[in-house]
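J.: no sequence on hand, only this structure:
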């Protein structure tokens, strides 16, 4: 009786494909973790925008100077967040005008006052 041999499919190409996929996946995970480690916390300046200052024509004030002016009562603190954020928490005495309507409500502010805006 003649025995019939079944042809076995070569397994080495499949093993190589699986091994290659695992290596590619490992590299993707490794690169992703490196990128995530390099990302600054939300709101923190990154190297990409280190030279960029939004609204550069507006004078900046240090936290220490702002606190000193606040304690002396010589500044108007303007919270430009939405009403819900303001209601949740805000600087005592701050005025709330949502940024989305600020331009239409500027007439409510005295231009001679020292005004400090904040949104966080």
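T.: Ah, there it is. Since the structure is predicted, the reported quantities are computational estimates derived from the model, not experimental observations.
J.: buried sites along the longest helix belonging to the chain?
T.: Secondary structure of the chain read by DSSP state H shows that its longest helix is helix 12-38. Within helix 12-38, not a single residue qualifies as buried, counting by 16 or more other C-beta atoms under 10 Å. (C-beta placed from N, C-alpha, C; glycine too.)
J.: tell me the first helix or strand C-terminal of that helix.
T.: Using DSSP states H and E, the helix or strand that directly follows helix 12-38 along the chain is helix 63-72.
J.: what packs against the longest helix of the chain?
T.: Of the remaining helices and strands, none touches helix 12-38 by 3 or more C-beta pairs under 8 Å, 6 or more residues apart in numbering; DSSP states H and E.
J.: report the rounded mean pLDDT for it.
T.: What helix 12-38 shows for mean pLDDT is 75.
J.: also stretch 81-96?
T.: The average pLDDT within stretch 81-96 is 93.
J.: got the contact list for it?
T.: Residues lying outside stretch 81-96 but in contact with it, judged by C-beta atoms under 8 Å, 6 or more residues apart in numbering, are 70, 76-80, 98-100, 109, 118-120.
J.: mind running it again at 6 Å?
T.: Contact with stretch 81-96 is made by 77, 78, 79, 98, 119, as judged by C-beta atoms under 6 Å, 6 or more residues apart in numbering.
J.: now find how far off-centre that stretch is within its chain.
T.: Using C-alpha atoms, centre = their mean, to the nearest Å, the distance from the centre of stretch 81-96 to the centre of the chain it belongs to is 21 Å.
J.: domain-wise, how is this structure divided?
T.: Structurally, the chain divides into domains by automatic domain parsing as follows: 12-42, 63-118.
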